[in-house]
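Enquirer: give me a model of this one.
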Amino acid sequence: MDVVKVNVQVDHVHLVLVIPPRVAVAQVVQFLKSQTGKQLKARFPVLRKVFYGREGIWSSGYCVSGIRLPERGILAYVTYQDQEDRVQLQLDLGRS
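Expert: Down below sits the predicted model:
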């Protein structure tokens, strides 16, 4: 698996990954959530208390999208998603 692009938002993460055809997407998501959750709890001990009794810190779901766009279009979407979200929030709040 290769990580091509990462964009971390307040409440979610966008990833562009290259996953070998023999590997199920669900396996990759489970692995990433498990490993990052363990690392976050190790680095920020307060998370152990916040999520005490819970198996992980991530939500149980995930979204996978297979889109037929050129790679640079997908990378641009992930790269600028936070800016698009801020503009949309301003529009929703009636600000310009």
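Enquirer: from here on, contacts and neighbour counts on C-alpha atoms
Expert: OK.
Enquirer: my guess is L17 contacts K5. True?
Expert: Yes: counting by CA atoms under 8 Å, K5 is a contact partner of L17 at 7.2 Å.
Enquirer: what sits in contact with each of those two?
Expert: Between them, L17 and K5 share no contacting residue under CA atoms under 8 Å, 6 or more residues apart in numbering.
Enquirer: which phi and psi does P45 have?
Expert: Main-chain dihedrals, P45, degrees, to the nearest 10: phi -50, psi -30.
Enquirer: give the burial count for it, as a bare number.
Expert: 10 (other CA atoms under 10 Å).
Enquirer: let me see the contact set for the nearest residue to P20 once chain neighbours are set aside.
Expert: In this structure, P20 finds its nearest non-sequential neighbour in M1, 6.4 Å apart by CA to CA, 6 or more residues apart in numbering. If you count contacts by CA under 8 Å, 6+ apart, M1 has them with L17, V18, I19, P20.
Enquirer: put together TSV for the residues you listed, with distance to Q39, neighbour count and pLDDT on each row.
Expert: Below are those laid out as TSV (distance: CA to CA, whole Å; neighbours: other CA atoms under 10 Å; pLDDT from 0 to 100):
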residue	distance to Q39	neighbour count	pLDDT
L17	20	14	90
V18	22	10	87
I19	22	13	89
P20	25	10	91
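Enquirer: turn these into JSON lines, columns for secondary structure and distance to V78.
Expert: What follows is the contacts of M1, written out as JSON lines (DSSP: H, G, I helix; E, B strand; the rest coil; distance: CA to CA, whole Å):
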{"residue": "L17", "secondary structure": "strand", "distance to V78": "11"}
{"residue": "V18", "secondary structure": "strand", "distance to V78": "14"}
{"residue": "I19", "secondary structure": "coil", "distance to V78": "17"}
{"residue": "P20", "secondary structure": "coil", "distance to V78": "21"}
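Enquirer: which of the residues you listed lies closest to R48?
Expert: Of all these, L17 has the smallest distance to R48: 28.6 Å, by CA to CA.
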